[in-house]
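Novice: Okay, here's the prediction I keep looking at, along with the sequence it came from:
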2 protein chains.
Amino acid sequence: MGASLVQRLELEGAEVQWHRQMLRALPAIRTPRRPVDAVICDIRLPDGTGEELYETLTRTGHPPAFLFITGQGSIDQAVRLIRSGAMDYIAKPFDLAQLLIRLTQVMRPRAEQEMPPESGISEAARAIDRQVGDAAGRDTPVLLRGGPGLGKLRLARRIHDHSDRRAAPAVVIDAIGGTVDRASLAGAISDVGEGSLIIVGVGRLTSDCQDLLLAALRKADFRLIATAGLRLDEKVADHFRSDLLSLLTSHEIVVPALSERPEDAVWLAGRLFPAMNARRASPLNGIAASAEEAIRAHDWPGNGRELRARLLRAVEAAVGDLVLTSDLFPERSGDAGLRSLAEVRDAAERSQIAAALERTGGQVGEAAKLLRVSRTTLWEKMQKLGL
Amino acid sequence: MGASLVQRLELEGAEVQWHRQMLRALPAIRTPRRPVDAVICDIRLPDGTGEELYETLTRTGHPPAFLFITGQGSIDQAVRLIRSGAMDYIAKPFDLAQLLIRLTQVMRPRAEQEMPPESGISEAARAIDRQVGDAAGRDTPVLLRGGPGLGKLRLARRIHDHSDRRAAPAVVIDAIGGTVDRASLAGAISDVGEGSLIIVGVGRLTSDCQDLLLAALRKADFRLIATAGLRLDEKVADHFRSDLLSLLTSHEIVVPALSERPEDAVWLAGRLFPAMNARRASPLNGIAASAEEAIRAHDWPGNGRELRARLLRAVEAAVGDLVLTSDLFPERSGDAGLRSLAEVRDAAERSQIAAALERTGGQVGEAAKLLRVSRTTLWEKMQKLGL
DNA sequence: TTCAAGTGTTCGGGTTTCCGAACATGCCAA
DNA sequence: TTGGCATGTTCGGAAACCCGAACACTTGAA
């Protein structure tokens, strides 16, 4: 089984070491040649147990993410290991695809990796990263399109920073935060020199500015990187110059909404978490599994920006040692409202019983008469309601 | 087994409630009469699973420490629950002594967090206190959101008074009491200097004022602390600038309604009482048990402000040596003759059903789900109650 | 002391409540 | 027209609720 696991992981592009004995694995994890992202570990090893290994590692430092796999696991052991920080504990036989998903969630992105995932781990996100890298290699105008909060400006900067113009400045013009007039656009164009002009919300440019921009593109030697919302096409009918539009759309990168790739939302949360957690007085242990599920299910109309804001608040608000769903979505506790029928019924009975007892001075029999129930029934209810 | 557990725990000096069904346990944990330290929960319950119960609780708030006990547990489930924040997961048969040890371990740290409560004793209130303290340590704009009468302005002041800007003034602008025009906002901004600008009801600012505020935030060195109602998001479609909104919501604190944490209502009443009582010529002895019950059951649409007003009136009007329900809710005492238990039960059900139907827009099936009864049952009740 | 009255508690039964299944109906969209 | 989808309605069985009848107590007054 080990062999097939190694084979599969290498197929996925991972660099894998396989140790058959605990004593061999110990130094390989403690003083690795290259940083270890994750350890997949059987419990039964010829010269000890996986638990021992993990135990030894936690005594001296912070081990990498551990995923235990075991043939005859005990619940006891699972609880113990998870509580002491192991990432997972899976009983054989297990689903390999499941394991791979957990692995990608768990792995910390490596800085020195050749092509680290920037936008996410989904197919769509990797496609974005490829297209951005591709755009950096070219020198044509680029249009980044997508909903709000998807980091389009960050992508624009990355295109510039990896392009041949990286030595020249990147000037950002924001047509969404404030209006851009002819003068400020002209100023930006003269500032940019041979660098990249980044226009945020290009669809909001006035006709004046569109003319100016088109003229400048013909004369001056700068590169245009523009961002726009999803509704750009509709602008054409309105006031947007079709020749500028076709110039932009000839090379456009569409960033899909976060809700279309839920695995990226979870991944992003895991990536943002450590930095936020570091600011806490009492650090948290992580994000609860149920909260991750809620992240996956949420719509994220504000995309990455919303996720960042929510997570920040959640990390501040968390009470125990995990971020829970209610920390991320506190507004739901209100609309989840509307207590159940049994609940309001009990509440009504409780207050009425209390009032009756008050009136009779604690005489149960009398109170029962007031409430028109038998003494026994009243007694039962008092038991049930804890009075 | 439940009985022996209860017996043993009471022998150890604990106060124990034993619920045999999930639907009964849910309200007892969510709106407890006294704060719950820990929950010991079987997985198999007659009307659901312990996992469901826990999941429901984490969706809307911070549950107390959970220890699961189960006959046929799975490792999968154990891992999932522990990763969602459960404290333990024990397979039967288990060692009672072991369980007690784990219980004390779990409850010890709770006793140590000795921050005196400011907003209340519930988990939600403690989370608010933490977030407010945290916000005081930062210097970013803060938004306090919640219904009316929850003391948002008081919290805003507390943030300022504990922040590094406490030596500088805190200027309050109220957009709810009266309209705020451009001139008065500009005046406040120039007055505030390097202090904190507190805007009450930020959602009511005119477009003019929003522009001015945004511009000032870029130029001047003051801190913005804003409060708003729950419906802020809906304002966006209307007239609220989305960039200002995203700036505010990047750090927001949501204050839950008092009706969602009845134990805080009782606590608050107990806290306000002595000062009010001191002003009486003949001091009272306290608040009657039935009155406390009524406080717990009341909806408190006006939240803390309503509670304060009612209690003040009640303390002034009380004739005996206790504050009674009729002092707090004089409008109810019209029908003096204590209605029967069945009557109040039906009345409570009727209003709750009406509320549910209101929310679902008349959809019976949906309403039944909200009320946690079957569609058939709801239909029967509607027949009986004439709805 | 004794008796009466009240409370805490259990038990067996009759009655109501609750639910899921089933089926007919009406309504809307494809 | 047809095929969902939600509602209106009935039905049978399981679970609950409710009650009276007991019985063992405590309390307090005669």
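Specialist: Cool, the structure landed.

Novice: Which of the three states applies to residue A:161?
Specialist: The local conformation at residue A:161, judged by DSSP: H, G, I helix; E, B strand; the rest coil, is helix.

Novice: Could you confirm residue A:90 falls within a strand?
Specialist: Yes - applying three-state DSSP, one finds residue A:90 inside a strand.

Novice: wait, it sits on residue A:78?
Specialist: No - taking contacts as Cβ atoms under 8 Å, residue A:90 lies outside contact range of residue A:78: 9.3 Å. All C-beta spots, glycine's among them, are computed from the backbone N, C-alpha and C.

Novice: which one of the two has more residues nearby?
Specialist: residue A:78 (27 against 20; other Cβ atoms under 10 Å in any protein chain shown).

Novice: Quick check: closest non-adjacent residue to that one.
Specialist: residue A:89 (4.3 Å; Cβ to Cβ, 6 or more residues apart in numbering or on different chains).

Novice: Run through the bridge partners of the one you found.
Specialist: Beta-bridge pairing for residue A:89 (DSSP bridges): residue A:68.

Novice: Quick check, it in contact with residue A:81.
Specialist: Yes - contact criterion Cβ under 8 Å: residue A:89 and residue A:81 qualify, at 5.6 Å.

Novice: okay, and the common contacts of the two?
Specialist: residue A:68 (Cβ atoms under 8 Å, 6 or more residues apart in numbering or on different chains).

Novice: Those two: who's more crowded?
Specialist: Just comparing residue A:89 and residue A:81: by other Cβ under 10 Å the higher neighbour count belongs to residue A:89, 28 against 25.

Novice: what's the more buried one in contact with, if anything?
Specialist: Here residue A:89 is in contact with A:67-68, A:70, A:73, A:77-78, A:81-82, B:75, B:78-79 (criterion: Cβ under 8 Å, 6+ apart).

Novice: per-domain residue ranges of chain A.
Specialist: A:2-106, A:123-256, A:259-335, A:341-385 (automatic domain parsing).

Novice: got a markdown table for those, with mean pLDDT too?
Specialist: Below are the domains of chain A laid out as a markdown table (pLDDT from 0 to 100):
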| stretch | mean pLDDT |
| --- | --- |
| domain A:2-106 | 88 |
| domain A:123-256 | 87 |
| domain A:259-335 | 85 |
| domain A:341-385 | 84 |
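
Novice: Looking at those, spot the one closest to residue B:158.
Specialist: domain A:259-335 (15.5 Å; Cβ to Cβ).

Novice: Report the two of the contacts of residue A:89 separated the most.
Specialist: The span of the contacts of residue A:89, defined through Cβ to Cβ, is set by A:67 and B:78 at 15.2 Å.

Novice: where's residue A:350, which helix or strand?
Specialist: helix A:341-360 (DSSP states H and E).

Novice: Repeat that for residue A:282.
Specialist: Residue A:282 belongs to no helix or strand, assigned by DSSP H and E.

Novice: wait, what's in contact with it?
Specialist: Per Cβ under 8 Å, 6+ apart, neighbours of residue A:282: none.

Novice: residues near residue A:221, how many?
Specialist: Counted with other Cβ under 10 Å, residue A:221 comes out at 12.

Novice: Overlap of the contact sets of residue A:90 and residue A:78?
Specialist: Joint contacts of residue A:90 and residue A:78 (Cβ under 8 Å, 6+ apart) are B:75, B:79.

Novice: if we can go back for a sec, what comes up buried for whatever helix or strand comes next after the helix holding residue A:350?
Specialist: Past helix A:341-360, further along toward the C-terminus, the next helix or strand under DSSP H and E is helix A:364-371. Buried positions in helix A:364-371, judged by neighbour count with 16 or more other Cβ atoms under 10 Å in any protein chain shown: A:367-368, A:370-371.

Novice: could you dump these to CSV with distance to DNA strand C?
Specialist: Listed next are those as CSV, based on distance: Cβ to the nearest atom of the strand, whole Å:
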residue, distance to DNA strand C
A:367, 8
A:368, 8
A:370, 12
A:371, 13
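
Novice: Farthest-apart pair in those, please.
Specialist: A:368 and A:370, at 7.3 Å, using Cβ to Cβ across those.

Novice: Quick check: the residue of chain A nearest DNA strand D.
Specialist: Residue nearest to DNA strand D within chain A (Cβ to the nearest atom of the strand): residue A:377, separated by 3.0 Å.

Novice: what residues are up against that residue?
Specialist: residue A:368.

Novice: Now do the same for it: helix, strand or coil?
Specialist: Criterion first, three-state DSSP; result for residue A:377: helix.

Novice: So which bits of chain A are right by DNA strand D?
Specialist: Selection of chain A residues close to DNA strand D by Cβ under 7 Å from any atom of the strand yields A:372-374, A:376-377, A:380-381, A:384.

Novice: Out of those residues, which is nearest to DNA strand C?
Specialist: Nearest to DNA strand C among the residues of chain A next to DNA strand D, counting by Cβ to the nearest atom of the strand, is residue A:376 at 4.6 Å.

Novice: how close does that closest one sit to residue A:368?
Specialist: Here the criterion is Cβ to Cβ, to the nearest Å. By it, residue A:376 lies 8 Å from residue A:368.

Novice: Same question for residue A:289.
Specialist: 49 Å.

Novice: Check residue A:142 too.
Specialist: To residue A:368, residue A:142 is 80 Å away according to Cβ to Cβ.

Novice: likewise residue A:15?
Specialist: Distance, residue A:15 to residue A:368, by Cβ to Cβ: 76 Å.

Novice: Kindly report the same for residue A:249.
Specialist: 80 Å.

Novice: again with residue A:354
Specialist: Distance from residue A:354 to residue A:368, by Cβ to Cβ: 14 Å.

Novice: Please apply the same query to residue A:46.
Specialist: From residue A:46 across to residue A:368, the span is 72 Å (Cβ to Cβ).

Novice: same thing with residue A:272?
Specialist: 60 Å.

Novice: how far is stretch A:273-285 from where the chain is centred?
Specialist: 16 Å (Cα atoms, centre = their mean, to the nearest Å).

Novice: Show me which residues of that stretch are buried.
Specialist: A:273, A:276-277, A:284.

Novice: Stretch A:42-55 too?
Specialist: Buried-residue list, stretch A:42-55, by 16+ other Cβ under 10 Å: A:42-43, A:45, A:48-51, A:53-54.

Novice: Got the phi and psi for the nearest residue to residue A:205 once chain neighbours are set aside?
Specialist: The spatial neighbour of residue A:205 that comes closest, neighbours along the chain excluded (Cβ to Cβ, 6+ apart), is residue A:175 at 5.7 Å. Main-chain dihedrals, residue A:175, degrees, to the nearest 10: phi -90, psi 0.

Novice: Hmm, residue A:175 is touching residue A:202, no?
Specialist: Yes - applying Cβ under 8 Å, one finds residue A:175 in contact with residue A:202, separated by 6.8 Å.

Novice: Look at the two and report which has more neighbours.
Specialist: The residue with more neighbours, out of residue A:175 and residue A:202, is residue A:202; 29 against 20, by other Cβ under 10 Å.

Novice: helix/strand/coil for the nearest residue in space to the more buried one that is not next to it in sequence?
Specialist: Excluding its sequence neighbours, the residue lying closest to residue A:202 (Cβ to Cβ, 6+ apart) is residue A:226, at 3.9 Å. Under three-state DSSP, the three-state class of residue A:226 is strand.

Novice: for residue A:226, what are its contacts?
Specialist: Residue A:226 neighbours (Cβ under 8 Å, 6+ apart): A:141-144, A:198-199, A:202, A:248.

Novice: cool, and residue A:71?
Specialist: A:42-44, A:91-92.

Novice: Identify, from those, the entry nearest to residue B:35.
Specialist: Checking the contacts of residue A:71 one by one against residue B:35 (Cβ to Cβ), the nearest turns out to be residue A:91, at 37.1 Å.

Novice: Assess the claim that the closest one and residue B:73 are in contact.
Specialist: No - using Cβ under 8 Å, residue A:91 is not in contact with residue B:73, being 11.8 Å away.

Novice: just to revisit the earlier point, closest one of the residues of chain A next to DNA strand D to chain B?
Specialist: Closest approach to chain B among the residues of chain A next to DNA strand D (Cβ to the nearest Cβ): residue A:372, at 3.9 Å.
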